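*Asks:* need a 3D model of the following:
(one chain, ligands or ions: 2)
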Amino acid sequence: MNSHLSGQCACGTVRYRCSSAPLAMLNCHCRDCQLSSGAPFASGVIVSSADLEVDGVPSNYSVRAGSGQQATRSFCAGCGTPLFTRSEANPQFTSIRFPTLVDASGFAPMLDIWTSSAQPWVCLDDKLPHFDQSPQQPD
Ligand SMILES: [Zn+2]
Ligand SMILES: [Zn+2]
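*Replies:* Numbering: from 1, shown residues only. Ligands and ions are numbered 1, 2, ... in the order given. Model prediction:
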């Protein structure tokens, strides 16, 4: 994938650019991702927060995620597009919602997480590792 990721919300009020390559790409099936995406799961591109430059001010909503950690979701107040998620446990990483990438052609999920709450009709790729919950141990 292009090492200079860029993207924006549907209306273009919030734009971003990341100067480093993604660290991981994954599908999250947790209830919170289902609710915030309006879809059976959310696909995210994990990047280094320090390399992410955001233009425009997204709105934030914080929830206690399934892991027990506080997760803050950023979205555009104008068009409602979900953009970023950051966990208080790992603020050095930001998950970018993949549909917001200008060029998402390089997106390929590497793992599925929170499959314990995956919808029963979602077809999981057997070639990818699946985690019932988050692969990161809560500390
Ligand atoms: Zn917008
Ligand atoms: Zn999730």
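*Asks:* in this structure Ser116 contacts His130, no?
*Replies:* No - in this structure Ser116 lies outside contact range of His130 using C-beta atoms under 8 Å: 9.6 Å. The way it works is simple: take the backbone N, C-alpha and C, and place the C-beta from them, glycine included.
*Asks:* for those two, work out which one has more neighbours and name it.
*Replies:* His130 (17 against 12; other C-beta atoms under 10 Å).
*Asks:* do you know how far the more buried one is from ligand 2?
*Replies:* Per C-beta to the ion, to the nearest Å, His130 is found 14 Å from ligand 2.
*Asks:* thinking that residue is in contact with Leu124, fair?
*Replies:* Yes - at 6.0 Å, His130 counts as touching Leu124 under the criterion of C-beta under 8 Å.
*Asks:* run through the strands of the chain in chain order.
*Replies:* 5-8, 15-18, 24-28, 42-48, 52-55, 59-64, 70-75, 82-87, 93-97, 111-113 (DSSP state E).
*Asks:* give me phi/psi at Val102?
*Replies:* According to degrees, to the nearest 10, the main-chain angles of Val102 amount to phi -60, psi -50.
*Asks:* now do the contacts for it.
*Replies:* 6-8 (C-beta atoms under 8 Å, 6 or more residues apart in numbering).
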